[in-house]
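> here you go, sequence then predicted model.
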Amino acid sequence: MREKSKHNYILLLLIGITILAAISVFLYSNGESGEGSDELIVRIVLIPKGLDSANAFWSDVIEGAQMAASEKNVELTVLGPSSETETRRQNSMIEEAIEMRPDAIVLAPSNYTETLPYARKVEEAGIKLVILDSVMEEEAGCCLVATDNLKAGYQMGSYMKPYLNGESAIGIIGHVQGVSTAVEREQGIRDALGEYEKQILDIRFCDSNYDKAYERTREMLTENPDINVIFGLNEYSAAGAARAVRDMGLGGEVKMVGFDSSLEEIQFLESGVFDAIVVQRPLNMGYLGVSMAYQAARSIEVPKIVESGSVLITRETIYTEENQKLLFPFRETDEE
């Protein structure tokens, strides 16, 4: 009889432990405990200007976004057109993202005016919106994460100004006409050049296409043979222009400042085709964009503007430890 009672006691004890364990698992999975609330998945859609795998800038932005997503328990979806000029395609993807009902959307507007109504649709749907890389004609979203493009353009012009004189003739190869990044970088250059601004002879746009940048530069130098200074305003325009200058045998004769830091651009800097490049921090931009969206989705206050940073690098400073880390963020050092 005692053995039977003992057996029943042990059985009841085991049943009780099993029930308690099941309740604990249920409460944890449903976010009832303090730690469980931190484990709730935040759904974010990132919409860059383009998904061109040959473009290092947007590839790095996406990689930075994925790093933030993996750290913060974010379910990240990336949607984007194949090129930066496909504004209508991006707009349709914004609508597609709204239909997905995410907690937040991180958007890099491809057009200063045409993207704005679609950004408003995001806000009207009650979805948190973070703007990335460039602005629109009106303020939108709870936070802007971007390079200070006026400052970056000013860095380009300030570097070149000491090399200019009354005989200097300047050309600019831009990316997409009217987009805020192109407008602000050009204005920054003009502000820095001061009295030499009037010596800007030609400005051409390549629609963020390497081949068009190459052709526009060859045309510009053929039609304006006195041009001896060129600014390239993004990766496409700068790399394409540098290819043209190299192929025309003008490397070193035409002084050049590029923008962004693809491997090809770094090689142009090392070889002397570029005198300097302004390097953005696209990994930082993508990481901060998702981080701000995550906070906003969880009703945590975010700053209105977050600057992701830029640095001017010359042939003389390319091999400093700090700049090597910026140019090659995933390369292992000797110490490692």
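Structure's in. What do you need?
> start and end of stretch 240-255, how far apart?
15 Å (C-alpha to C-alpha, to the nearest Å).
> list the buried residues in that stretch.
Using 16 or more other C-beta atoms under 10 Å as the test for burial, stretch 240-255 gives G240, A241, A242, R243, A244, V245, R246, L250, G251, V254, K255. In this view, the C-beta of every residue, glycine as well, is placed from N, C-alpha and C.
> so where do the helices sit in the stretch 101-250 of the chain?
116-124, 149-160, 180-193, 210-223, 235-247 (DSSP state H, counting those that start in this stretch).
> surely I266 touches L326?
No: counting by C-beta atoms under 8 Å, I266 stays clear of L326, with 10.7 Å between them.
> wait, what's in contact with L326?
S261, V279, R281, V311, I313 (C-beta atoms under 8 Å, 6 or more residues apart in numbering).
> so V278 is in which element?
Following DSSP states H and E, the helix or strand that holds V278 is strand 276-280.
> paired strands for that strand, with orientation please.
strand 255-259 (parallel), strand 310-314 (antiparallel) (DSSP bridges).
> so how far is stretch 161-177 from its chain's centroid?
26 Å (C-alpha atoms, centre = their mean, to the nearest Å).
> ends of that stretch, how far apart?
End-to-end distance (C-alpha to C-alpha), stretch 161-177: 24 Å.
> let me see the mean pLDDT of that stretch.
In this model, stretch 161-177 has an average pLDDT of 97.
> next SSE downstream of the helix or strand of the chain at the bottom of the mean pLDDT ranking?
Counting by mean pLDDT, DSSP states H and E, the chain has its least confident helix or strand at helix 34-38, which shows a mean of 41. Per DSSP H and E, helix 34-38 leads on to strand 42-47 as the next helix or strand towards the C-terminus.
> thinking again about what came up before, elements contacting the next helix or strand after the strand holding V278?
The helix or strand immediately downstream of strand 276-280 is helix 282-297, counting by DSSP H and E. On a contact count with 3 or more C-beta pairs under 8 Å, 6 or more residues apart in numbering; DSSP states H and E, helix 282-297 meets strand 42-47, helix 56-71, strand 74-78, strand 104-107, strand 128-132, strand 143-146.
> coming back round to it: of the contacts of L326 - the most surrounded one?
For the contacts of L326, the largest number of neighbours (other C-beta atoms under 10 Å) sits with S261, at 26 neighbours.
> okay, that residue and I172: tell me how far apart.
19 Å (C-beta to C-beta, to the nearest Å).
> possible to save the helices and strands packed on helix 282-297 as a markdown table with mean neighbour count?
Listed next are the helices and strands packed on helix 282-297 as a markdown table, based on neighbours: other C-beta atoms under 10 Å:
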| stretch | mean neighbour count |
| --- | --- |
| strand 42-47 | 24 |
| helix 56-71 | 20 |
| strand 74-78 | 18 |
| strand 104-107 | 30 |
| strand 128-132 | 26 |
| strand 143-146 | 23 |
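> as a markdown table, the ones you listed with mean pLDDT would be great.
Formatted as a markdown table, the helices and strands packed on helix 282-297 follow (pLDDT from 0 to 100):
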| stretch | mean pLDDT |
| --- | --- |
| strand 42-47 | 98 |
| helix 56-71 | 95 |
| strand 74-78 | 98 |
| strand 104-107 | 98 |
| strand 128-132 | 98 |
| strand 143-146 | 98 |
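> how about the ones you listed in a markdown table, adding distance to S168?
Below are the helices and strands packed on helix 282-297 laid out as a markdown table (distance: least, C-beta to C-beta, whole Å):
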| stretch | distance to S168 |
| --- | --- |
| strand 42-47 | 41 |
| helix 56-71 | 29 |
| strand 74-78 | 43 |
| strand 104-107 | 39 |
| strand 128-132 | 36 |
| strand 143-146 | 31 |
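> all set, thanks.
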